[in-house]
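1. build me a structure from this.
(chains A, B, C and D)
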Number of protein chains: 2
Amino acid sequence: MNTITIKTLAEKLQVSVATVSKALKDSHEISIETKERVRKMAIALNYVPNLYASSLRKRKSNTIAVVLPEVADSYFSLAINGIESIAQKKGYHVLIYLTHENHQKQEAILNDFKSGRVDGVLMSTTAETTDYSHVRELQNSGIPVVFFDRVCEDIETAKITTNDFECGHLAGKHLVQQGCKKIAFLSISSSLSMSNKRAEGFHRALEDEHIKYKPTDIVNCKNDEQYNQALIKKLLLKKQRPDGIIASVEKLTTSVYLICKELGLAIPGDIKVVSFSNQVSAPILNPSLTTITQPAFDMGAIAATILFKALAKPGFNLKKESVVIPSQLVERDSTRVEGR
Amino acid sequence: MNTITIKTLAEKLQVSVATVSKALKDSHEISIETKERVRKMAIALNYVPNLYASSLRKRKSNTIAVVLPEVADSYFSLAINGIESIAQKKGYHVLIYLTHENHQKQEAILNDFKSGRVDGVLMSTTAETTDYSHVRELQNSGIPVVFFDRVCEDIETAKITTNDFECGHLAGKHLVQQGCKKIAFLSISSSLSMSNKRAEGFHRALEDEHIKYKPTDIVNCKNDEQYNQALIKKLLLKKQRPDGIIASVEKLTTSVYLICKELGLAIPGDIKVVSFSNQVSAPILNPSLTTITQPAFDMGAIAATILFKALAKPGFNLKKESVVIPSQLVERDSTRVEGR
DNA sequence: TTTATTTACGTAACCGTTTTCGTAAAATGG
DNA sequence: CCATTTTACGAAAACGGTTACGTAAATAAA
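-> Here you go, the predicted structure:
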């Protein structure tokens, strides 16, 4: 319990604390024999250097922060795994913060980082954030910020995304090819570029396929399950009911399936469904779900890799490091044309 | 970019650093007017105290660690949410570490915590860990450790679990009541008390229902998807094929479903399935899945709450704080008796 | 009025490491 | 053999807060 410090080692070894410090980091200033003595003693006494003392002195924390809306989603779970795997290799520690889609929280969290708590930040922004001055402030205080998935276009930094526009386009095109005439796109936010790009891709697909696009084809969901369920139910009860649905995020899928069941609508017979999702259970749903699968793990891993590059080189230009990793459409029964 | 410290404030205000420090923490030693002046200036200059300096001096980090096998699982995702929600309220920060079921990593991670990086630890242990001396060492160095879900029985501390034995029993009994004669239990580890308790409960259920129990009824899976798939396939191809399966963890479910599909086995007709799972997609699987649903969020939240209690009071007795939060069996189609 | 106490602040030590700078002694060079 | 460089180490100043202790002035108590 009595903490043992560099000073303890120094006294036991009859050398100065400077010598011990240098010996432990294998400085050339110290003779090999002394280094060996110090190392042995350090192990013998089970010495662990005080992190806060060294971080204070070195002005470096070896810690990064990951700021997310939530983790109750396959995408972010996988992304965290990707981030953590790289961080562990690099000897970095990762702090995790959840905003619960609350802009105020996000702001408070980022503001705290000015304390030097972290060397860099990986983030996926809130759906309700429109003002990004808190991010700029953090950047100005010298802390690099890398966005992934839910990025802010206007901030100058690296952004790791998937090909959202193309995927929205692909999803739309796929449904049209499967015979859908009236497709609804379930969006989660009108201020999130990720969501907008997917919607725009969808929009373009309709144009390409010469289908009339109406603004009401885009349904804006919220971060409120109850609300979304009611909204989807209303959608499916309209007399001009859609015959195809694109769920732009995973968590909307369950609602769509359950409401279809409740209303006696057959998937894919009455309505076809494609979802942006990383669920492992997609193949065993009833019916199995056609998905746009994002490279979640890789996006996390690459975001982390780029951040570490920036941390290694002070003058690193993050703007040029944006990466787009393509997603894949996996066709399953929920969009299958019957009898084929 | 030029960092502004307590000294900057002191100079601008023509007072000592001590006064500034005390004023900022609302000490009674400082006059109200001075406090106000200091606060205004701090806000004006956007002062953020250096975390490492204060942690070094106060010997407190306001940070906890969460050590997990992985997050690619609904249970741990939800648990993290629970933990984070409490930590955020208490003004604590949470570091996350993944062991990937690797004992060595777990040991290395815990060892690092002796640096004072964290004030306390929440953990769910590796499936392969049998020696817990690294946990004891950490405790001896004064850092409280609270276990949740995957606990180590032998360590004296708080353990947050669900009623694993009863749930194993319930799952077994349920399958028997639904007409199963030969039930297989898919385990993930023979050294994890959580897994063993579930298996024992299952064992007891068979006894209670006067069904002959054979050790081979327990199938030991690994942390290797390929391996598990092969194992399950082999199990379902036996001539004495089981007519009921209990998946003791969520991730085994997909494999079971897929292999049944592949082999043309009907659920629940040929084989009934119940799974320990927190998947939101359980109701929309094909067929909908009967689950034992663990209170994952609450387990995380309560584990965190107890840890914070210990951190608030130095002499706190963690041993007495163990909590068991019951899970619930949600019956769905995968165990339904046909024609009923 | 004198003494005791409170108020409001400053001085300086301290937390444990890192790092700059200085310096004997030893090694090298001419 | 003397001048110069190298080697191996120590002293001490940071890093930025916190806090025990000291103290002058103002107030209260006697």
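
2. ok, the closest residue to chain B within chain A - contacts?
-> Closest contact between chain A and chain B, by CB to the nearest CB, is at residue A:286 (3.1 Å). No exception for glycine: its C-beta is placed from N, CA and C like everyone else's. Applying CB atoms under 8 Å, 6 or more residues apart in numbering or on different chains, we find residue A:286 in contact with A:257, B:284-288.

3. hmm, 6 Å instead?
-> residue B:286 (CB atoms under 6 Å, 6 or more residues apart in numbering or on different chains).

4. starting at the chain centroid, how far to stretch A:266-275?
-> Centroid separation between stretch A:266-275 and its chain, computed with CA atoms, centre = their mean, to the nearest Å, is 28 Å.

5. output it as PDB - backbone C-alpha positions only.
-> What follows is stretch A:266-275, C-alpha atoms only, in PDB (Å, rounded to 0.1, in the frame of the first residue of the first chain):
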ATOM      1  CA  ALA A 266     -46.100  -9.600 -45.800                       C
ATOM      2  CA  ILE A 267     -42.400  -9.000 -46.300                       C
ATOM      3  CA  PRO A 268     -41.400  -9.100 -49.200                       C
ATOM      4  CA  GLY A 269     -44.800  -9.800 -50.700                       C
ATOM      5  CA  ASP A 270     -46.500  -6.600 -49.700                       C
ATOM      6  CA  ILE A 271     -43.500  -4.600 -48.900                       C
ATOM      7  CA  LYS A 272     -39.800  -5.000 -49.400                       C
ATOM      8  CA  VAL A 273     -37.300  -3.900 -46.800                       C
ATOM      9  CA  VAL A 274     -33.600  -3.100 -47.000                       C
ATOM     10  CA  SER A 275     -31.700  -1.800 -44.000                       C
END
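
6. how about that stretch and chain B, touching?
-> No. Using CB under 6 Å from any CB of the partner chain, stretch A:266-275 never reaches chain B; the gap is at least 9.8 Å.

7. what residues sit buried inside that stretch?
-> Within stretch A:266-275, the residues scored as buried using 16 or more other CB atoms under 10 Å in any protein chain shown are A:267-268, A:271-275.

8. do stretch A:134-147 as well
-> Across stretch A:134-147, burial judged by 16+ other CB under 10 Å covers A:134-139, A:141, A:143-147.

9. what does stretch A:233-242 give?
-> By neighbour count on 16+ other CB under 10 Å, the buried set for stretch A:233-242 is A:235-236, A:242.

10. picking that back up, give me the subset of the buried residues of stretch A:134-147 that lies in helices.
-> Counting by DSSP state H, the members of the buried residues of stretch A:134-147 that fall within helices are A:134-139.

11. can you show me the strands along the stretch 51-200 of chain A?
-> Remark: strands assigned in the stretch 51-200 of chain A by DSSP state E, counting those that start in this stretch are A:63-68, A:93-98, A:120-123, A:145-148, A:159-162, A:183-187.

12. residue numbers of the stretch 51-200 of chain A in contact with DNA strand C?
-> Remark: the part of the stretch 51-200 of chain A in contact with DNA strand C comprises A:53-54, A:56-58, using CB under 7 Å from any atom of the strand.

13. top of the residues you listed by number of neighbours, please.
-> The most crowded member of these, judged by other CB atoms under 10 Å in any protein chain shown, is residue A:56 (20 neighbours).

14. I figured it was touching residue B:51, is that so?
-> No. Here residue A:56 does not reach residue B:51: they are 8.9 Å apart, not a contact under CB atoms under 6 Å.

15. ok, back up a step: can you convert the ones in helices among the buried residues of stretch A:134-147 into JSON lines and add a column each for pLDDT and distance to residue A:7?
-> Formatted as JSON lines, these follow (pLDDT from 0 to 100; distance: CB to CB, whole Å):
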{"residue": "A:134", "pLDDT": "96", "distance to residue A:7": "41"}
{"residue": "A:135", "pLDDT": "97", "distance to residue A:7": "42"}
{"residue": "A:136", "pLDDT": "95", "distance to residue A:7": "43"}
{"residue": "A:137", "pLDDT": "92", "distance to residue A:7": "39"}
{"residue": "A:138", "pLDDT": "93", "distance to residue A:7": "36"}
{"residue": "A:139", "pLDDT": "94", "distance to residue A:7": "39"}
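
16. okay, now the residue nearest to residue A:282 when sequence neighbours are not counted: neighbour count?
-> Using CB to CB, 6 or more residues apart in numbering or on different chains and skipping residues adjacent in sequence, the residue nearest residue A:282 is residue A:289, 4.3 Å away. For residue A:289, the neighbour count with other CB under 10 Å is 28.

17. residue A:11 now?
-> Neighbours around residue A:11, by other CB under 10 Å: 12.

18. what about it, which helix or strand?
-> Taking DSSP states H and E as the definition, residue A:11 sits inside helix A:6-13.

19. list the buried residues in the helix or strand just after that helix.
-> Next in sequence after helix A:6-13, counting helices and strands by DSSP H and E, comes helix A:17-24. The neighbour-count check on helix A:17-24 (16+ other CB under 10 Å) flags A:19-24 as buried.

20. what's the burial count for residue A:49?
-> Residues near residue A:49, counting by other CB under 10 Å, number 16.

21. so it: helix, strand or coil?
-> coil (DSSP: H, G, I helix; E, B strand; the rest coil).

22. what backbone torsions are found at it?
-> Here is the backbone geometry of residue A:49 (degrees, to the nearest 10): phi -60, psi 140.

23. again with residue A:181
-> For residue A:181, the backbone dihedrals (degrees, to the nearest 10) come out as phi -110, psi -30.

24. residue A:275 too?
-> According to degrees, to the nearest 10, the main-chain angles of residue A:275 amount to phi -130, psi 140.

25. contacts only, for it.
-> Here residue A:275 is in contact with A:247, A:253, A:289, A:291 (CB under 6 Å, 6+ apart).

26. could you point out which of the residues you listed is nearest to DNA strand C?
-> DNA strand C has its nearest neighbour among the contacts of residue A:275 in residue A:291, at 47.9 Å by CB to the nearest atom of the strand.

27. does the closest one count as helix, strand or coil?
-> strand.

28. so how many other residues sit close to it?
-> Using other CB under 10 Å as the criterion, residue A:291 is surrounded by 28 other residues.

29. run through the bridge partners of it.
-> For residue A:291, the beta-bridge partners under DSSP bridges are residue A:275, residue A:330.

30. pull the most distant pair out of the buried residues of stretch A:134-147.
-> Using CB to CB, those span at most 17.4 Å, a distance reached by A:141 and A:147.

31. from the chain's centroid, how far away is stretch A:152-172?
-> For stretch A:152-172, the distance to the chain centre is 13 Å (CA atoms, centre = their mean).

32. what's in contact with it?
-> Applying CB under 6 Å, 6+ apart, the contact partners of stretch A:152-172 are A:125, A:132, A:135, A:145-148, A:151, A:193-194, A:197-198, A:200-202, A:204-206, A:246, A:274, A:292, A:294, A:299, A:302-303, A:306, A:318-319, A:321-327, A:329.
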